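Peer 1: Sequence isn't available, so here's the structure alone:
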């Protein structure tokens with residue numbers, strides 16, 4: 001590109017004052033950083049529009065891949081992406097390998113076991129979640145499923161009430177606290193255990209009473225609500241012996257991850273104890289076997305906890321804002337692969 005002499009002289013004059021700059025006969029135009037939203041299960045349109053607005057107002061390029069059925073479409077889409085927003089989509093090592101420019105991936109939601117953190121870390125890619133954005137939605141679903149369960153799945157027969165029952169919350173994070181808040185409104189007696197919180201931290205919330213262990217939680221409560229992540233320590237930890245500690249007529253409710261359930265052990269226990277009920281927002285691998293316990297088992301057809309318009313919007317916008325903040329200031333507050 002030719003540059004007029006008067007323009008060149010103007011540049012050279014400025015360069016004498018700013019010696020760190022380097023003048024070139026060529027003016028290079030660098031492409032904007034690209035933020036890709038890749039969702040097999042799409043965001044609500046209003047959320048997509050909001051994400052796009054945040055991305056473009058911050059000077060980045062917006063790209064969208066929705067309802068894809070072939071992972072190769074995802075591989076191609078991430079090739080030139082600098083940032084990636086997903087929902088429950090699996091960001092595997094193979095996805096990371098195709099994403100040569102990727103600097104940050106954000107899971108729009110609290111759980112992040114769909115992200116290969118080891119692969120992200122190996123490539124120095126920051127992985128984040130958006131905690132708290134869908135916590136009320138999940139908590140409301142938990143309470144709705146509990147009403148459904150204690151009323152015998154609306155089969156026309158007399159059921160019972162939640163008021164006065166002891167509810168145990170396993171993991172007292174954003175969702176657990178919202179469950180406690182709503183349960184208190186039902187007049188329930190709420191208990192909690194969290195491996196990462198001490199009794200004072202739980203008791204000071206004024207929403208739950210702390211117990212000393214998860215075993216004590218199951219021994220104490222009529223209903224136990226699971227909010228633990230799927231980790232090496234928690235996978236299949238909800239097993240025959242633990243659930244077997246529950247009171248007669250006990251209800252186990254799972255809005256966390258299916259991997260935390262020892263399905264074989266729970267099936268065995270429910271066959272032996274005809275008083276127990278299991279309700280879950282994550283359909284088990286052994287769903288057909290659980291269905292044999294008619295009137296004592298319910299699973300949503302697909303994970304519904306965060307499926308509200310409000311949660312959808314909140315998580316998507318939070319993801320976009322976190323990416324913009326990361327690029328502008330380096331903020332890694334919600335990084336999960338530290």
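Peer 2: Good, I have the coordinates. If you're wondering where the values come from, they're calculated on a predicted model, not measured in any experiment.
Peer 1: From the contact counts, what lies against the longest helix along the chain?
Peer 2: If you go by DSSP state H, the chain has its longest helix at helix 309-329. For helix 309-329, the packing partners by 3 or more C-beta pairs under 8 Å, 6 or more residues apart in numbering; DSSP states H and E come out as strand 34-39, helix 45-57, strand 83-86, strand 104-107, strand 126-129, helix 135-150. C-beta here means a position set from N, CA and C on the backbone, and glycine is covered the same way.
Peer 1: contacting residues around it?
Peer 2: Outside helix 309-329, the residues within contact range by C-beta atoms under 8 Å, 6 or more residues apart in numbering are 33, 35, 37, 43-44, 46-48, 50-51, 54-55, 58, 60, 83, 85, 87, 103-104, 106-109, 126, 128, 130, 133-134, 136-138, 306, 331-334.
Peer 1: Are any of the residues you listed buried, and if so which?
Peer 2: Those of the contacts of helix 309-329 that meet the buried threshold are 33, 35, 37, 43-44, 47-48, 50-51, 54-55, 58, 60, 83, 85, 87, 103-104, 106-109, 126, 128, 130, 133-134, 136-138, 306, 332, 334, by 16 or more other C-beta atoms under 10 Å.
Peer 1: mind listing the strands for the stretch 51-200 of the chain?
Peer 2: 61-66, 83-86, 104-107, 126-129, 166-170, 189-193 (DSSP state E, counting those that start in this stretch).
Peer 1: Can you tell me which of these is most buried?
Peer 2: Counting by mean count of other C-beta atoms under 10 Å, strand 83-86 has the highest mean neighbour count of these, with a mean of 28.
Peer 1: Give me the helices and strands touching that strand, please.
Peer 2: strand 34-39, strand 104-107, helix 309-329.
Peer 1: In a markdown table, list these along with mean pLDDT.
Peer 2: Below are those laid out as a markdown table (pLDDT from 0 to 100):
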| stretch | mean pLDDT |
| --- | --- |
| strand 34-39 | 98 |
| strand 104-107 | 98 |
| helix 309-329 | 96 |
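Peer 1: Can you check which of these gets nearest to residue 117?
Peer 2: strand 104-107 (9.9 Å; C-beta to C-beta).
Peer 1: ranges for the helices of the chain?
Peer 2: 5-17, 45-57, 71-77, 93-98, 117-122, 135-150, 174-185, 199-203, 214-220, 240-243, 263-272, 287-290, 309-329.
Peer 1: which of the residues in the longest one are buried?
Peer 2: Buried residues in helix 309-329, counted by 16+ other C-beta under 10 Å: 311-324, 326-327.
Peer 1: Would you single out the least confident of the helices of the chain?
Peer 2: Mean pLDDT across the helices of the chain is lowest at helix 5-17; the value there is a mean of 42.
Peer 1: still on that earlier bit, need the strands of the stretch 51-200 of the chain in JSON lines with distance to residue 263, can you?
Peer 2: Shown next, in JSON lines, are the strands of the stretch 51-200 of the chain (distance: least, C-beta to C-beta, whole Å):
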{"stretch": "strand 61-66", "distance to residue 263": "32"}
{"stretch": "strand 83-86", "distance to residue 263": "27"}
{"stretch": "strand 104-107", "distance to residue 263": "25"}
{"stretch": "strand 126-129", "distance to residue 263": "26"}
{"stretch": "strand 166-170", "distance to residue 263": "17"}
{"stretch": "strand 189-193", "distance to residue 263": "22"}
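Peer 1: Ok, which of those strands comes nearest residue 298?
Peer 2: strand 166-170 (17.6 Å).
Peer 1: Check which helices and strands the closest one sits against.
Peer 2: Short answer (3+ C-beta pairs under 8 Å, 6+ apart): strand 166-170 packs on helix 174-185, strand 189-193, helix 214-220, strand 223-226.
Peer 1: Please repeat the previous calculation with a cut-off of 6 Å.
Peer 2: helix 174-185, strand 189-193, strand 223-226 (3 or more C-beta pairs under 6 Å, 6 or more residues apart in numbering; DSSP states H and E).
Peer 1: Tell me the strands beside the shortest one, with direction?
Peer 2: Think strand 223-226. According to DSSP bridges, strand 223-226 has the following sheet partners: strand 166-170 (parallel), strand 251-254 (parallel).
Peer 1: I am finished for the moment; much appreciated.
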